[in-house]
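*Asks:* can you look at this prediction? I've put the sequence above it.
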Amino acid sequence: MGAAIVALDSTLSFAAQTDEQTVAEPQAILDDGAALFGQHCAHCHSSSVIEPGIAGLAKLDAHYIYRTLWSGIMREAANGLNDAERWSIANFVASINPDKSIAEISNYCSAPSKRSEETWASWAPQIENTRFARDVSLTRDQLNAINLKWAFVIPDTGSTTNAGNQATLANGRLYIGSRSGFVFSLDAESGCIHWLKQPVAGVRSAITIVDGLAVFADYENHVYALDAETGAMRWQARADEQPSARVNGSVVVHDGVVFVPVSTNQEFVNALDQRLPCCTFRGTLSAFDLYSGERLWQTPTIDEPLQKLGTTPFGTMRYGPSGGGLWSVPTIDAKRGLLYVGTSNQKTGPPVPESDAVIAFDLATGKKAWVKNFAPERYGNDIWNGGCVGVFADPKDECPPENDSGEGDRDIGTPIVIETRADGSEILLAATKDGVVYALDPDQKGKVIWQTRVGRVMSIVGPSFGGVEHGIATDGEKAYVPISDVDVIEDVSYGAMLAVDLMSGEIVWRNDAGEDWCDGKPNRCHNSLSSAPTVAGDAVFAGATDGVLRAYDIDTGEILWAYDTVAPIDGVNGLQGSGGSITRGGTAIINGMFFQTSGYGQGLGMPGNVLYAFEYPEE
């Protein structure tokens, strides 16, 4: 039976699919589709720059491609195409690879999971996003006794081979979403499947478990609340209707409210397609009632109204200011009634304070309490889009005129952390993609207490993969900071793991990553560290782009344990896969077990599709 039928509950409002074989299309339709694809799509998808490429798209069926052109993230790029033309493109692309991967789902659970009070029920176990497993006392002796208990292979049915999401745990079950379009509820002890669902689009959000509900968002801004026990739909909503909007981060739930951050792909889709105006998107934060799905409020990150900025040399209208997307995880400050987010760069000018900033929102109303901007040190603003790279046209024709250097990309992509220090004072921690960690005063509108450069100053024309990408961890004494620092021009990286004293901001230790773990691995292997770390007992776990999960001594930075995920492996669900780069989601840990996804088949990452479950003896 095809994957879609297995994944679908006909009573739910999920993506309509079929397990029937695709009917062979007449050659004339395929020829028309090829011509239309060449005219409207090949500019990006055949460029070897924009992902997914044709091979990835051809893994999808025609119905999925067709829907994406009408209501998915490609609807803006498909503007002007009629229904027949969209079907022609969809059928042509699907015909390139008629032997689609099928998710032959097996190993369903025959008994309920053993209930457990231990949880890691969201992207982080605390709303303050410290990623500190306070109840886990993991020692060196226990680290030496770690074993792989089981592995689960995520079906390779999406346009990218990808297992980059954060796993979550509650009531003896593990929950995981995937870019391939599946959401699973597994038994944490064995990896057997309790239920699986297929939302409208792929999922990058962690699954948050609260009050018997599994809450998440898909890549195309649909927000879901499912029954955590059965997978039955409770409600479905839409976070944002802007055509290129996407949920790239994770939702967070507090006091009966679901908070959803929204980002965009306009930075490349619109900027690199000379027919499309760039840019109109501005990040949004939405709040929904946990139990009904009713929208309570929605607030854009940028206050200044959108305005016309003139035309490009190609005659396309320019708009701005745009940008300020939210691509991480909101942080709840219950004490002050606030929610904190870090924002991305602007796509177009004029300059506004809400880009590359920490914004505090009122939890109840969504109104902004304060904004703290972190303008780049070297070039004063971060107004950048894909046109600055010069892939398809001269940057002077496509790059925003405010960015005369072509440099940029200082986003705050890491969740803001609330931490109480040794002297009892509370601070906020923010980290940027150009390698600076800031300690901020939450009672003085984000006033900087100290700042420490932890990454290299990288002068790169193009998207930066430097500094701190997806998260840090803290334990009340130190912040544990992974460094990416990939030079995409020279194809070298300077990854590291380090610890910073929370009182002074001084670097306590630093462990520079070696290159030897990439020997014999694909070209996308780097020694950079960009996934969110996790602190537990004597160790801080951090995955790397080289596919290795490591545990560092929290006091010295010494590597206490390491596991290389880049190898073929048989999953307990009957599929074979392999790990790849560990680039986004971090380690989820409870006493006796911890879990890590591996494989980020986008950008600089090695593809992979495995969820690993490790065990260690409890003392």
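*Replies:* All right, it came through fine. Numbering: from 1, shown residues only.
*Asks:* residues touching residue 501, list them.
*Replies:* 477-478, 507-508 (Cβ atoms under 8 Å, 6 or more residues apart in numbering). Glycine gets a C-beta too; all of them are placed from N, C-alpha and C.
*Asks:* quick check: beta-bridge partners of it?
*Replies:* Residue 501 has these beta-bridge partners by DSSP bridges: residue 478.
*Asks:* try residue 300
*Replies:* What pairs with residue 300, by the bridge criterion (DSSP bridges), is residue 284.
*Asks:* among the contacts of residue 501, who's most crowded?
*Replies:* Neighbours here mean other Cβ atoms under 10 Å. Within those, the largest count is held by residue 478, at 22 neighbours.
*Asks:* any idea how far residue 328 is from that residue?
*Replies:* If you measure residue 478 against residue 328 using Cβ to Cβ, to the nearest Å, the figure is 21 Å.
*Asks:* what's the answer for residue 190, then?
*Replies:* 32 Å.
*Asks:* neighbour-wise, which of those two wins?
*Replies:* residue 328 (27 against 17).
*Asks:* wait, that one sits on residue 414?
*Replies:* Yes - Residue 328 lies in contact with residue 414 (Cβ atoms under 8 Å); the separation is 6.0 Å.
*Asks:* shared neighbours of those two, anything?
*Replies:* In contact with both residue 328 and residue 414: 342, 470-471, using Cβ under 8 Å, 6+ apart.
*Asks:* show me where the stretch 401-550 of the chain has strands.
*Replies:* Ranges of strands within the stretch 401-550 of the chain are 417-420, 426-431, 436-441, 447-453, 473-474, 478-483, 486-487, 492-493, 496-501, 507-512, 534-536, 539-543, 548-553, based on DSSP state E, counting those that start in this stretch.
*Asks:* relative to residue 271, which of the ones you listed is closest?
*Replies:* Residue 271 lies closest to strand 486-487 among the strands of the stretch 401-550 of the chain, at 21.2 Å (Cβ to Cβ).
*Asks:* can you give me the helices for this protein?
*Replies:* 3-7, 27-40, 42-45, 54-57, 62-71, 83-96, 140-143, 266-272, 395-398 (DSSP state H).
*Asks:* for residue 525, which residues are in contact?
*Replies:* Contacts of residue 525 (Cβ under 8 Å, 6+ apart): 517-518, 545-547, 566, 581, 606.
*Asks:* among those, name the buried ones.
*Replies:* 517-518, 545-547, 566, 581, 606 (16 or more other Cβ atoms under 10 Å).
*Asks:* rewinding a little: ok, the shared contacts of residue 328 and residue 414 vs residue 419, which is closest?
*Replies:* Using Cβ to Cβ, these come closest to residue 419 at residue 471, 13.5 Å.
*Asks:* so how many other residues sit close to the closest one?
*Replies:* So residue 471, with other Cβ under 10 Å, has 29 neighbours.
*Asks:* mind starting the numbering at 25 from now?
*Replies:* All set: I'll call the first residue 25, so the last point we hit is now residue 495.
*Asks:* how about it, nearest residue that isn't a chain neighbour?
*Replies:* residue 556 (2.8 Å; Cβ to Cβ, 6 or more residues apart in numbering).
*Asks:* just residue 92 next, same as before
*Replies:* residue 98 (4.9 Å).
*Asks:* do the same with residue 280
*Replies:* residue 314 (4.7 Å).
*Asks:* also residue 438?
*Replies:* Of all residues not flanking residue 438 in the chain, residue 455 sits nearest, at 4.6 Å (Cβ to Cβ, 6+ apart).
*Asks:* I figured the one you found was touching residue 475, is that so?
*Replies:* No - assessed by Cβ under 8 Å, residue 455 is found out of contact with residue 475, at 10.3 Å.
*Asks:* please enumerate the shared neighbours of these two.
*Replies:* 461-462.
*Asks:* the more surrounded of the two?
*Replies:* More crowded of residue 455 and residue 475, by other Cβ under 10 Å: residue 455, with 30 against 15.
*Asks:* ok, that one to residue 493 distance?
*Replies:* For residue 455, the distance to residue 493 - Cβ to Cβ - is 9 Å.
*Asks:* low-confidence ranges, the stretch 475-624 of the chain, go.
*Replies:* 483-488 (pLDDT under 70).
*Asks:* any idea how the protein splits into domains?
*Replies:* 47-120, 263-433 (automatic domain parsing).
*Asks:* quickly, which of those domains bottoms out on average pLDDT?
*Replies:* The minimum mean pLDDT among those belongs to domain 47-120 (a mean of 85).
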